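>>> model the structure of this input:
(one chain, ligands or ions: 2)
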Amino acid sequence: MNRPIIALTCGEPAGIGPEISLRAAWELRDEVRCVLLGDAALLAQTAYDIDRQMRVAAISIQAWRNTGLPNFPADCLCVIDCPAAEPVRAGQLDARNGRAVLQTLDMAVEGALNGAFAAIVTAPLQKSVINDAGVAFTGHTEYLADVTKTPQVVMMLAGGDAPHLRVALATTHLALKDVPAAITAESLARTLDIIQADLQGKFGIARPRILVTGLNPHAGENGYLGREEIEVIAPALQAAQQRGIDARGPYPADTLFQPKYLEDADCVLAMYHDQGLPVLKFASFGHGINITLGLPLIRTSVDHGTALDLAARGLGHADHGSMMVAIRAAAEMARKQKDAQASP
Ligand SMILES: NC(=O)c1ccc[n+]([C@@H]2O[C@H](COP(=O)([O-])OP(=O)(O)OC[C@H]3O[C@@H](n4cnc5c(N)ncnc54)[C@H](O)[C@@H]3O)[C@@H](O)[C@H]2O)c1
Ligand SMILES: N[C@H](C(=O)O)[C@H](O)COP(=O)(O)O
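Ligands and ions are numbered 1, 2, ... in the order given. As a prediction, this is how the structure comes out:
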């Protein structure tokens, strides 16, 4: 079988990222060739502690750049070594290791853009640690947009028991007080264009149906509870419809998430992080995934964070289900994108 090569960044080394990355990569080794990016010594020790059968072999960044990936057998996971600056203690954050985490992302992007990797899958990192290391950072989503020089991207989570529950966000990691000003006709137009293009190109949905929430309670109650729906969102939806996008709304967010609406939709566009994601995570925490739309590469991630509480208790407490789904989804998106490019 022709296994796609996927870069798997192992995230915060003191969290559950190394463990769930190894477990998922190992279980999926017949379907996908995962290349792990992280501290090689930590990953080798973690692999040994999980399962003595699990084999990992590491190469340096320089060796990878000079000669590419070695031809390891399928039962040996490849690691590109991005060494932590300081010894890692499970469950204990150390800002001195923050830059090594960013290095894993940089290497994954480099490989995805030069064609070495079909996609990137990211294990969770601790956003505060990157900031404590001296780098302003709000999330993978924004960082990947920055390093690939992409002016706008869209965060979308997928999962849940309803078929195809996908929730995209009009704003990402933004303080609540800054949300209204960030929602403009222009930003909504770009967001809807990105959702349409990626649901077509990476998910194979010919004419995506997008349901859009309002910003205010009861979608503004005809202007009595806020005017963003009347002044910004509805006009943006009309303009999108004229561009051939099937976007409907704005609907009250509190009642939109029920099967009779969702059955007729490929994606819900919510206005901000905690308007859309609690619904998705309530429906599917542990087997949902996070996808960045609009990038010049494929990136998926898990639906959970670093779970330092579990990492501190040792191996065997974290569920790697979301990581399995994220890897499989990335491989599938890579296949769909390749097919779409082959038949314009
Ligand atoms: N993709 C990412 O990089 C990503 C995603 C979400 C959160 N985060 C970051 O993670 C850090 C911690 O965030 P948090 O505490 O809000 O959320 P969290 O997801 O780390 O933890 C919330 C709860 O869920 C549990 N949990 C999380 N993952 C689990 C798993 N795989 N199996 C079993 N239980 C699991 C934890 O034990 C905890 O009780 C923050 O810095 C946050 O920004 C990163
Ligand atoms: N917003 C995401 C979530 O709640 O799951 C999470 O913070 C990760 O975001 P990035 O992929 O941008 O790091």
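
>>> I'd like the next helix or strand past the helix or strand containing Asp309.
For Asp309, the host element (DSSP states H and E) is helix 308-312. Per DSSP H and E, the first helix or strand lying C-terminal to helix 308-312 is helix 321-342.

>>> so which other helices or strands are in contact with that next one?
strand 5-9, helix 17-27, strand 119-122, helix 185-201, strand 289-293, strand 299-302 (3 or more Cβ pairs under 8 Å, 6 or more residues apart in numbering; DSSP states H and E). C-beta coordinates here come from the backbone N, C-alpha and C atoms, glycine included.

>>> can you name the residues of the stretch 1-150 of the chain sitting close to ligand 1?
Proximity of the stretch 1-150 of the chain to ligand 1 (Cβ under 6 Å from any ligand atom) is limited to residues 16, 122, 124-128, 140.

>>> again, only using 8 Å
11-12, 15-16, 20, 122-129, 139-140 (Cβ under 8 Å from any ligand atom).

>>> for the stretch 51-200 of the chain, which residue gets nearest to ligand 2?
With Cβ to the nearest ligand atom as the measure, Gly139 is the residue of the stretch 51-200 of the chain nearest to ligand 2, at 2.9 Å.

>>> pretty sure that residue sits against Leu174.
No. Using Cβ atoms under 8 Å, Gly139 is not in contact with Leu174; the gap is 10.1 Å.

>>> between the residues of the stretch 1-150 of the chain next to ligand 1, which has the most around it?
Within these, most neighbours by other Cβ atoms under 10 Å means Ala123, with 32 neighbours.

>>> look up phi and psi at it.
The phi/psi pair for Ala123 (degrees, to the nearest 10) reads phi -80, psi 160.

>>> in contact with it, which residues?
Residues near Ala123 by Cβ atoms under 8 Å, 6 or more residues apart in numbering: 8-12, 15-18, 20-21, 301-302, 323.

>>> tell me the one among these nearest to ligand 2.
Nearest member of those to ligand 2, counting by Cβ to the nearest ligand atom, is Ser301, at 4.8 Å.

>>> low pLDDT regions in the stretch 101-250 of the chain?
Applying pLDDT under 70 to the stretch 101-250 of the chain flags residues 160-163.

>>> hmm, 80 instead?
160-164 (pLDDT under 80).

>>> burial of Leu144, as a residue count?
That count, for Leu144 with other Cβ under 10 Å as the rule, works out to 23.

>>> wait, is it part of a strand?
No. Going by DSSP: H, G, I helix; E, B strand; the rest coil, the assignment for Leu144 is helix, not a strand.

>>> how near is it to ligand 1?
Separation of Leu144 from ligand 1 (Cβ to the nearest ligand atom, to the nearest Å) stands at 11 Å.

>>> try Gln45
Taken as Cβ to the nearest ligand atom, the span from Gln45 to ligand 1 is 20 Å.

>>> quick revisit: could you give me the buried positions within the helix holding Asp309?
308, 310-311 (16 or more other Cβ atoms under 10 Å).

>>> was I right about Tyr272 contacting Leu174?
Yes. In this structure Tyr272 lies within contact range of Leu174 using Cβ under 8 Å: 7.0 Å.

>>> compare the two (neighbour count), which wins?
Taking neighbours as other Cβ under 10 Å, Tyr272 and Leu174 compare with Tyr272 leading, 22 against 16.
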